[in-house]
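> here is my input; please provide its structure:
(2 chains)
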2 protein chains.
Amino acid sequence: MGTRRPTIGVFDSGFGGLTVLKALLELIPEADYIYFGDTARLPYGSKSVETVGRYAVEAAHYLEAHGAEVLVIACNTATALALDRITAAAHVPVVGVVEPGAASAAAVSKNKKVVVIGTEATVSSHAYRRALEARGVEAREKACPLLVPLVEEGWVEHAVTEEVARIYLAEAFGDGFHDADALVLGCTHYPLLKPLLHRVAPSHVSIVDSAESTARVVSEQLQKLLPPAGFQEERRALPRIKFFATDSVEKFRRLGQRFLGHAVDDVQHVDLKE
Amino acid sequence: MGTRRPTIGVFDSGFGGLTVLKALLELIPEADYIYFGDTARLPYGSKSVETVGRYAVEAAHYLEAHGAEVLVIACNTATALALDRITAAAHVPVVGVVEPGAASAAAVSKNKKVVVIGTEATVSSHAYRRALEARGVEAREKACPLLVPLVEEGWVEHAVTEEVARIYLAEAFGDGFHDADALVLGCTHYPLLKPLLHRVAPSHVSIVDSAESTARVVSEQLQKLLPPAGFQEERRALPRIKFFATDSVEKFRRLGQRFLGHAVDDVQHVDLKE
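Residues are numbered from 1 along each chain as shown, chains lettered A, B, ... in the order given. Next comes the predicted model:
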């Protein structure tokens, strides 16, 4: 009986999805990974459903063509705006970050009242609110468009970022939501702000990072695809990770390292128009 | 002798170029305008020279195909990274914002020492430094990646924006550049921050907005193209302005108004891939 390593395709508009890849690597080291960052067209967070849908389907096709057996949409905006469209276009299982994040938040919230922060597009889609309400949880969604550029500027522990977060969270937890007891990081950039957000958020609030819950759902998907025996046999081998970026490879290496927590080596430039 | 209104094509990655269109409308009301905002792929400021060049040439072709007789690259990043490429690809005169801005700064600076603020890509290209040094002016360029998202958040008079500007300008005017006496707004978003920057910049500093100087250069180009008689005859008619955007038309209308200072009506969606 031959055993083989499954290949997981991870997609994001840029770098944020690397926080999801990091969680995947920790939970599923027995897989190989291909990561697609659509850095030439980022950010998705301020764009329309039509545009994001078209971009995301192109990326999904690219990853499938390169051997992905499961697709992880490691971008809240793409998940919120285009998961159905991607799932319909793909021939392999597709996992987004919204449902796993909402499930974790519902499990963690005692008051069944949750605040979700994300990009403008994610918030406008109300994907989180729907997913949480389906679980009996009341949700308030708050767009925080400055947090992504602040993270990309590297100001993850900066007084300005703290002030911006304070303004956003005061609005989110104000006015009838003082008793919300979970804060969902509805953007894959935000995990880098976790220590700062812990300081700024009301003390009774748990922070829910959908990266870990998404990794668990992916692991379950893999169990369905592969014989458990073959799966375990290669457990100790190191994962191979290939990166594809639509903009500068050099910049991907530099910024990518910050999100992944270790070196980003094997990066290839992709031009989707060719 | 028939007279006719010239058509000026204005291009930007998004909304910022509307500050240039505004200056053009004031100086050249006898022309018609078509404005192309590549909002599906903005921002250009963090992208590579290859990517920006490809996008900008596509936009230039689009404007020419729609009748533009002069092209204004109302985007500092596209000018800095791709003016040569656009000029080579176009069949009509092309005017960028860097040379006119540098010329104004050189004229205004008594100490021949200037600070230029802009996006990461504009600064990395050193297009302003070259243009200023060619005029005998010493230049320091400073990337201010947070200012665009702050303007788009609408925080043009916000304490956070003032603090961010203070940090950026302290670095730019520090360390041997205390005697720089002009500040070039090397990004078409920044004119919205002019009152705030006036407060934050050292008091001896003049602020140079390249929009007006660019409009003057465009006006000179038109004199060459058209008989002055025909040009003046229609002077009192109102300009027709058509807008094309690659992302949501509704969002273009909403944000566009903020930059142009009046309603943005005739917006059409464009898909460059079709």
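> the stretch 51-200 of chain A against chain B: which residues are in contact?
When proximity is defined by Cβ under 8 Å from any Cβ of the partner chain, the stretch 51-200 of chain A lies next to chain B at A:51, A:145-146, A:148-150, A:152-153, A:159-160, A:163-164, A:167. From N, CA and C alone the C-beta is placed, and that goes for glycine too.
> inside helices: which ones of the residues you listed?
A:Thr51, A:Val148, A:Pro149, A:Leu150, A:Glu152, A:Ala159, A:Val160, A:Glu163, A:Val164, A:Ile167 (DSSP state H).
> could you count how many residues lie near the closest residue to chain B within the stretch 1-150 of chain A?
Nearest residue of the stretch 1-150 of chain A to chain B: A:Ser48, at 3.8 Å (Cβ to the nearest Cβ). Here the number of neighbours of A:Ser48 (other Cβ atoms under 10 Å in any protein chain shown) works out to 22.
> the one 10 residues further on now?
For A:Glu58, the count of nearby residues is 18 (other Cβ under 10 Å).
> next secondary structure after the lowest-mean-pLDDT helix or strand in chain A?
Lowest mean confidence among the helices and strands of chain A (mean pLDDT, DSSP states H and E): helix A:228-233, at a mean of 53. With elements assigned by DSSP states H and E, the helix or strand that comes after helix A:228-233 is strand A:241-245.
> quick revisit: just the buried residues of the ones in helices among the residues of the stretch 51-200 of chain A next to chain B.
Applying 16 or more other Cβ atoms under 10 Å in any protein chain shown to these, the neighbour count classes A:Thr51, A:Val148, A:Pro149, A:Leu150, A:Glu152, A:Val160, A:Val164, A:Ile167 as buried.
> the last one against B:Val160, yeah?
In this case it means A:Ile167. Yes. At 7.4 Å, A:Ile167 and B:Val160 qualify as touching, with contact defined as Cβ atoms under 8 Å.
> where does the stretch 101-250 of chain A dip in pLDDT?
Counting by pLDDT under 70, the ranges of the stretch 101-250 of chain A that qualify are A:227-236.
> nearest to chain B: which residue in it?
Sorted by distance to chain B under Cβ to the nearest Cβ, the residues of the stretch 101-250 of chain A start with A:Ser248, at 3.8 Å.
> that residue: neighbour count?
21.
> any idea how far it lies from B:Glu250?
Applying Cβ to Cβ, to the nearest Å, the value for A:Ser248 to B:Glu250 is 32 Å.
> before we move on, what about A:Val52?
Remark: distance between A:Val52 and B:Glu250 (Cβ to Cβ) = 15 Å.
> contacting residues for the residue of the stretch 1-150 of chain A closest to chain B?
Contacts for A:Ser48 (Cβ atoms under 8 Å, 6 or more residues apart in numbering or on different chains) come out as A:Ala121, B:Ala40, B:Asp247, B:Ser248, B:Lys251.
> tell me the one of those nearest A:Asp266?
Proximity to A:Asp266 was ranked across these by Cβ to Cβ; first place goes to B:Ala40, at 29.0 Å.
> identify the residue nearest that closest one in space, chain neighbours excluded?
Distances taken as Cβ to Cβ, 6 or more residues apart in numbering or on different chains put B:Thr246 closest to B:Ala40, at 3.7 Å, once the chain neighbours are dropped.
> need phi/psi at the one you found.
Backbone torsions for B:Thr246, taken as degrees, to the nearest 10, come to phi -90, psi -10.
> next: A:Glu138.
Dihedral pair for A:Glu138: phi -80, psi 140, per degrees, to the nearest 10.
> so what's the residue count around it?
Every residue meeting other Cβ under 10 Å relative to A:Glu138 is counted, giving 16.
> can you tell me, leaving aside adjacent residues, what's nearest to it?
With sequence-adjacent residues excluded and distances taken as Cβ to Cβ, 6+ apart, A:Glu138 is closest to A:Lys113, at 4.8 Å.
> which residues touch that neighbour?
Contact analysis of A:Lys113 by Cβ under 8 Å, 6+ apart lists A:Val137, A:Glu138, A:Ala139, A:Phe177, A:Asp179, A:Ala180, A:Asp181, A:Ala182.
> mind listing the strands for chain A?
Read by DSSP state E, chain A holds these strands, from start to end of the chain: A:7-12, A:32-37, A:70-73, A:94-96, A:113-118, A:138-143, A:182-186, A:206-209, A:241-245, A:267-269.
> now the ones you listed as TSV including distance to B:Ala131?
As requested, these are exported to TSV (distance: least, Cβ to Cβ, whole Å):
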stretch	distance to B:Ala131
strand A:7-12	37
strand A:32-37	33
strand A:70-73	44
strand A:94-96	47
strand A:113-118	41
strand A:138-143	38
strand A:182-186	43
strand A:206-209	46
strand A:241-245	31
strand A:267-269	30
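> all helices for the stretch 1-150 of chain A, in order.
Using DSSP state H, counting those that start in this stretch, the helices of the stretch 1-150 of chain A run over A:17-27, A:49-65, A:76-89, A:98-108, A:120-125, A:127-133, A:147-152.
> just send the ones you listed back as CSV, with distance to B:Val98 too.
As requested, those are exported to CSV (distance: least, Cβ to Cβ, whole Å):
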stretch, distance to B:Val98
helix A:17-27, 34
helix A:49-65, 29
helix A:76-89, 33
helix A:98-108, 43
helix A:120-125, 31
helix A:127-133, 42
helix A:147-152, 24
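> separation between the residue at minimal distance from the centre of chain A and A:Gly37?
Among the residues of chain A, A:Ala74 comes closest to the average C-alpha position under Cα atoms, centre = their mean, at 3.4 Å. Between A:Ala74 and A:Gly37 the computed distance is 10 Å (Cβ to Cβ).
> that's all I had, so thanks and see you.
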